[in-house]
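# just to be clear, the model below is a prediction. Sequence and coordinates:
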Amino acid sequence: MKSIVVGTAGHIDHGKSALVQALTGTDPDRLKEEKARGITIDLGFAHQTIDDINFAFVDVPGHERFVKNMLAGVGGIDLVVLVVAADESVMPQTREHFDICRLLRVPAGFVALTKADLADADMLELARLEVRELVAGSFLEGTAIVPVSARAGEGLDAFRAALVDAGRNIRGRASHGVTRLPIDRVFSMKGFGTVVTGTLVSGRIALDADLVVAPGDRAVKVRGVQVHGQRQREAIAGQRAAVNLSGVEVDDIERGQALVTPGAFEETRLADVVVEVLPSAKPLKHGARVRFHQGTAEILGRVALIGPGGPDRAVPSAAPGSRAFARLRLEARAVLVRGDRYILRAYSPPVTIAGGLILDPKPPRGAIRSAAALARSQRLDFDPASGDVDAAEQRAAVVMLADAGAAGLPLTALTSRAGVDPRNVQARAEALVAAGEAVRAADVLVAARLYAQLKGGIVATLTQHHRAQPLSEGLPREELRDQLFKRGHVAVFDLALADLAAANTIAGRDRIALATHRLALSPEEERARAAIERAYRDGGLKPPDAASIAAATGVAGAVADRMLKLLQRQKVLVRVDVLLFHDEALKQLKAEVAALKTTGGAVARIDVATFKERFGISRKFAIPLLEYLDRERVTRRMGETRVVL
Ligand SMILES: Nc1nc2c(ncn2[C@@H]2O[C@H](COP(=O)(O)OP(=O)(O)O)[C@@H](O)[C@H]2O)c(=O)[nH]1
Ligand SMILES: [Mg+2]
């Protein structure tokens, strides 16, 4: 069965609650104080099935002091009934509630002319005219205006028909997306514990699901789900649900938080937005303190206008009726994603002044009074109702890639920040790569331009290094990273090296060099290198002393030192303890010792004395070499002897 959430809207005492009660039989005014004072203070709830549609009613207070409660209820509605009393016609909160519905882009609705029993034909006609004037050019233009009397019970059939009519045209909400239920009530139920209620604006909530209450990222488990007072296995988007939670106390949750899929939203105090200033409001000044409403939350914050501004020194402002880009700086964290709509009310008096669309819930800190910042906002701008959503999503991802720089944009941020449906994340990443905008390394994306710069930087740095130090075989990998990509994502750096190696541009693992790099030795160095290498090769297991190699080979001391280091870096000479051996001598030794094992098949043992004798070397060489063989796992020491492995 289709579920539709209907919100009432309209001035106080215009008969909203009476209408809901006449339709559903439930009095939505549930607080003692509401009964005593005869007014709605907080949200009221009731439900009714008409034809084959489930209507969940969210009844809101009309009093100007309780607009914040009205806002907590209107966020998730599919359809609004704008209630106008026929005897009073359009009043201030009729306008304010209507403005709010427009700014939030409530998708559908119609008008109820209530208290029809108190109005004669002329009054009714006047009210109709005023309503038509109010809704001209809006989503309610041309919709039904239904006279009703809750008291006399007249017009209710026509009202139900209008409700079903409007309901049929409403598209369902996305129940496959991420779960999000802005919490509007929290209470404790005997035998159950913590229960939260709200309108499930997207996704589903199933029994035993693991979700989080955010802001605060508190992990909870779903112990029970009720929809319209009935236990269910799950609630789906577009339904009002009561959810029994374990893992959290009533005192730890409040209205304004949301029950969401872990990691799917940004908890943020900064958001770049489109702001639409109401024509009836004062100019919205840069720096203005405001009340930010989104979902069921109300958070104080300030508006900073984005863009270079005019040449004058006056505080910039957004004119009434205009559309501008702004950065909201909130005083507490909000749970936001790109595409969310919100309302701004003035700090004092708290009247509705503007609303708009979240473009980026996690913008990079930095200057916003610039032409570049304005251009960035323009690239992020979009209309969720247009057909351009796919292109807009791609554009936004490109901006966010540029923001992310070398650190890269994690794939998860495509959902939490750019609002990409989790099922489309891989496709979006592929589209960015295919368009030449991004390069993917493990689970991060990096801007293609920056990646090209990194590769260019690696080649340039190595070129310079080889020029400055022709005897070096290259730069240690970590040093290269420190120089070029210190704050960058390591997977991106690794990918750049792998790409360059695959293209045969660079070579090496621990030390990176250009593939074309050849050691450039002077003829003198070449001779010295050859002489030293020969001396060690000839020395075999009784190599010369490094300190006297210069004298022994007739090479100048400084040159000999350089060549000794070079031969070690090239792994021609290998350091064992304080001695240097030619690599070939060691390889041959290992082979010969290992071969002992195969003669006879029995366990081969070797001790210092036989080792010295066999290889004709003194203790000075024998001990470090035997320990070397142990380290190389050719032998294992057992007391005074060694076993060949
Ligand atoms: N005569 C008449 N009075 C009504 C009708 N509907 C509501 N009222 C009265 O108008 C007052 C305000 O109604 P209520 O539903 O609380 O208004 P709300 O503030 O918009 O929710 C109450 O005293 C109701 O009894 C109606 O159809 N006819
Ligand atoms: Mg009421």
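That came through, no problem. Ligands and ions are numbered 1, 2, ... in the order given.

# the strand ranked longest in the chain - contacts with which helices or strands?
If you go by DSSP state E, the chain has its longest strand at strand 323-336. Secondary-structure packing of strand 323-336 (3 or more CB pairs under 8 Å, 6 or more residues apart in numbering; DSSP states H and E): strand 266-277, strand 289-294, strand 297-305, strand 352-360, helix 371-380. For every residue, glycine as well, the C-beta is placed using N, CA and C.

# just send those back as CSV, with mean pLDDT too.
Listed next are the helices and strands packed on strand 323-336 as CSV, based on pLDDT from 0 to 100:
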stretch, mean pLDDT
strand 266-277, 97
strand 289-294, 98
strand 297-305, 97
strand 352-360, 98
helix 371-380, 96
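
# re the thing from before, chain center to the longest strand of the chain: distance?
Mean-position distance between strand 323-336 and its chain equals 16 Å (CA atoms, centre = their mean, to the nearest Å).

# in its sheet, what does whichever helix or strand comes after that strand sit against?
Downstream of strand 323-336, the next assigned helix or strand under DSSP states H and E is strand 341-346. The sheet places strand 341-346 alongside strand 289-294 (antiparallel), strand 352-360 (antiparallel), with pairing taken from DSSP bridges.

# check the gap between the closest residue to ligand 1 within the stretch 101-250 of the chain and ligand 2 for me.
Evaluated by CB to the nearest ligand atom, the stretch 101-250 of the chain has Arg151 as its residue closest to ligand 1, separated by 3.5 Å. For Arg151, the distance to ligand 2 equals 15 Å [CB to the ion, to the nearest Å].

# likewise Ala442?
The spacing between Ala442 and ligand 2, counted by CB to the ion, is 55 Å.

# excluding chain neighbours, what is closest to that residue?
Sequence neighbours aside, Ala491 is the residue nearest to Ala442 in space, at 4.1 Å (criterion: CB to CB, 6 or more residues apart in numbering).

# residues in contact with that neighbour?
By CB atoms under 8 Å, 6 or more residues apart in numbering, Ala491 lies in contact with Gly408, Ala441, Ala442, Asp443, Val444.

# filter the residues you listed down to the buried ones.
Gly408, Ala441, Val444 (16 or more other CB atoms under 10 Å).

# do you know the pLDDT at the residue of the stretch 201-350 of the chain found nearest ligand 2?
Distances between the stretch 201-350 of the chain and ligand 2 by CB to the ion are smallest at Arg240, namely 17.9 Å. Looking at Arg240, its pLDDT reads 94.

# for the remainder of this discussion, apply numbering that starts at 59.
I'll keep to 59 as the first residue from here, and by that count the last item is Arg298.

# and the nearest residue to it once chain neighbours are set aside, what are its bridge partners?
Among residues not flanking Arg298 along the chain, Ala114 sits closest, at 4.3 Å (CB to CB, 6+ apart). Beta-bridge partners recorded for Ala114 (DSSP bridges): Val63, His105.

# surely Ala114 touches His105?
Yes: with contact defined as CB atoms under 8 Å, Ala114 reaches His105; the gap is 4.7 Å.

# before we move on, the earlier item: tell me which of the contacts of Ala549 is nearest to Lys93?
Checking the contacts of Ala549 against Lys93 by CB to CB gives Asp501 as the nearest, at 55.6 Å.

# before we move on, the earlier item: parallel or antiparallel, list what pairs with the longest strand of the chain.
Assessed with DSSP bridges, strand 381-394 is paired to strand 324-335 (antiparallel), strand 355-363 (antiparallel).

# the top helix by length along the chain packs against which elements?
Scanning the chain for the helix with the most residues, using DSSP state H, yields helix 506-526. Applying 3+ CB pairs under 8 Å, 6+ apart, one finds that helix 506-526 contacts strand 496-499, strand 533-534, helix 535-543, helix 548-560, strand 564-565, strand 569-572.

# parallel or antiparallel, list what pairs with the fifth one.
Applying DSSP bridges to the sheet, strand 564-565 is found paired with strand 569-572 (antiparallel).

# low-confidence stretches in this structure?
Within the chain, the segments meeting pLDDT under 70 span 371, 656-659.

# show me the domain layout of it.
The chain breaks down into these domains under automatic domain parsing: 60-226, 238-318, 440-578, 588-613+631-703.

# so how many other residues sit close to the closest residue to Thr611 other than its chain neighbours?
Counting by CB to CB, 6+ apart, Thr611 lies nearest to Ala589, which is 4.2 Å off, once chain neighbours are set aside. Residues near Ala589, counting by other CB atoms under 10 Å, number 16.

# I'd like to know how many residues surround Asp145.
For Asp145, the count of nearby residues is 18 (other CB under 10 Å).

# grab the nearest non-local neighbour of it.
Leu176 (4.3 Å).

# quick one, what contacts the one you found?
Leu176 neighbours (CB under 8 Å, 6+ apart): Ala143, Ala144, Asp145.

# try it again at 10 Å.
Remark: with contacts taken as CB atoms under 10 Å, 6 or more residues apart in numbering, Leu176 is in contact with Gly73, Ala143, Ala144, Asp145, Glu146, Leu182, Ser207, Arg209, Ala210.

# could you identify which of these has the most neighbours?
Gly73 (29 neighbours).

# looks like that one contacts Val206 (just checking).
Yes: the criterion here is CB atoms under 10 Å, and Gly73 meets it with Val206 at 8.2 Å.

# hey, what's in contact with both of these two?
Ala80, Val141, Ala144, Ala170, Leu171, Thr172, Lys173, Ala174.

# hmm, back to that, got the helices and strands packed on strand 381-394 as CSV, with distance to Arg453 and mean neighbour count columns?
As requested, the helices and strands packed on strand 381-394 are arranged in CSV below (distance: least, CB to CB, whole Å; neighbours: other CB atoms under 10 Å):
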stretch, distance to Arg453, mean neighbour count
strand 324-335, 14, 22
strand 347-352, 23, 22
strand 355-363, 22, 20
strand 410-418, 11, 25
helix 429-438, 5, 17
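
# nearest approach to Phe679 belongs to which of the ones you listed?
strand 324-335 (65.8 Å).

# the closest one to helix 429-438, inter-axis angle?
Here the directions of strand 324-335 and helix 429-438 differ by 90 degrees (axes from the mean of the first three to the mean of the last three CA atoms, to 10 degrees).

# alpha carbons of strand 324-335, as PDB, please.
Extracted in PDB, the C-alpha atoms of strand 324-335 (Å, rounded to 0.1, in the frame of the first residue of the first chain):
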ATOM      1  CA  GLU A 324      28.700  14.600   6.800                       C
ATOM      2  CA  GLU A 325      28.500  15.900  10.400                       C
ATOM      3  CA  THR A 326      29.500  19.400   9.700                       C
ATOM      4  CA  ARG A 327      29.500  23.000  11.000                       C
ATOM      5  CA  LEU A 328      30.200  24.500   7.600                       C
ATOM      6  CA  ALA A 329      28.100  24.300   4.400                       C
ATOM      7  CA  ASP A 330      28.200  26.000   1.000                       C
ATOM      8  CA  VAL A 331      24.600  26.800  -0.100                       C
ATOM      9  CA  VAL A 332      22.300  28.500  -2.400                       C
ATOM     10  CA  VAL A 333      20.200  31.000  -0.500                       C
ATOM     11  CA  GLU A 334      16.900  32.300  -1.700                       C
ATOM     12  CA  VAL A 335      15.900  35.400   0.100                       C
END
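
# which residues are in contact with whichever helix or strand comes after it?
Beyond strand 324-335 on the C-terminal side, the first helix or strand identified by DSSP H and E is strand 342-343. For strand 342-343, contacts defined as CB under 10 Å, 6+ apart pick out 333-336, 348, 361, 363, 372-378, 380, 382, 384, 402, 404, 411-412.
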